[in-house]
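*Asks:* Below are the sequence and a predicted model; questions follow.
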Amino acid sequence: MLIKSVRGFTPKYGRDCFFAENATIIGEVLMGDQCSVWYQAVVRGDVNAITIGNRVNIQDGAVIHGTYERSATKIGNDVSVGHNAIIHGCTIKDSVLVGMGSIIMDDSVVESNSIIAAGSVLPKNTIVPAGSVFAGIPAKKIKEIDPDLQKGEVERIAKNYLTYASWFK
């Protein structure tokens, strides 16, 4: 793994984290406990701060970044960032599933207990209300999340990644 300081900032992270050998974590990054950053994922806090809560998994090929002097990135607890997703200068609250290949742009806010479907694009300033499922390009609300979807997808994937990470420690 590459953990690199830039502009006087060194990444900080909590206990029991897993970072794949070719994951990259740079600059002003503050990450909580039991997080995982998977193969070829990049968390690049060189131009703005990136704050990540506890039990967050950033899957293979995902990119987390921000916009210089404008948009920091904040990710809550129990968030799964799917393979090849791009999270850029936005806020993602707790218990969110960001599907594979999704793009969430600057100043967007994804409220808690939501799903962003695979391949979706949230343009700048998009607000995702709590408990919503958004899909498409540009992403729009397609339905409210139901308890089965919350447990069967959002919670299940977040818990599974804790297990997967334990295999590599």
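*Replies:* Structure received.

*Asks:* for the protein, what helix or strand is lowest in average pLDDT?
*Replies:* helix 147-149 (a mean of 90; mean pLDDT, DSSP states H and E).

*Asks:* Next secondary structure element downstream of it?
*Replies:* helix 156-168 (DSSP states H and E).

*Asks:* Tell me the buried residues in stretch 162-169?
*Replies:* 162, 165 (16 or more other Cβ atoms under 10 Å). Where C-beta positions appear, they are placed from N, C-alpha and C, glycine not excepted.

*Asks:* Same question for stretch 90-108.
*Replies:* Here stretch 90-108 shows 90-108 as buried, counting by 16+ other Cβ under 10 Å.

*Asks:* ok now the biggest strand by length in the chain, how far from the chain's centre?
*Replies:* Ranked by residue count under DSSP state E, the longest strand found in the chain is strand 42-52. Computed by Cα atoms, centre = their mean, to the nearest Å, the chain-centroid distance of strand 42-52 equals 11 Å.

*Asks:* Of all the residues in it, which ones are buried?
*Replies:* Of the residues in strand 42-52, those buried (16+ other Cβ under 10 Å) are 42, 43, 44, 45, 46, 47, 48, 50, 51, 52.

*Asks:* hang on, the second one packs against residue 20?
*Replies:* No. Distance between residue 43 and residue 20: 11.7 Å, which falls outside the contact criterion (Cβ atoms under 8 Å).

*Asks:* Give me the common contacts of those two.
*Replies:* Contact criterion Cβ atoms under 8 Å, 6 or more residues apart in numbering; residues shared by residue 43 and residue 20: residue 37.
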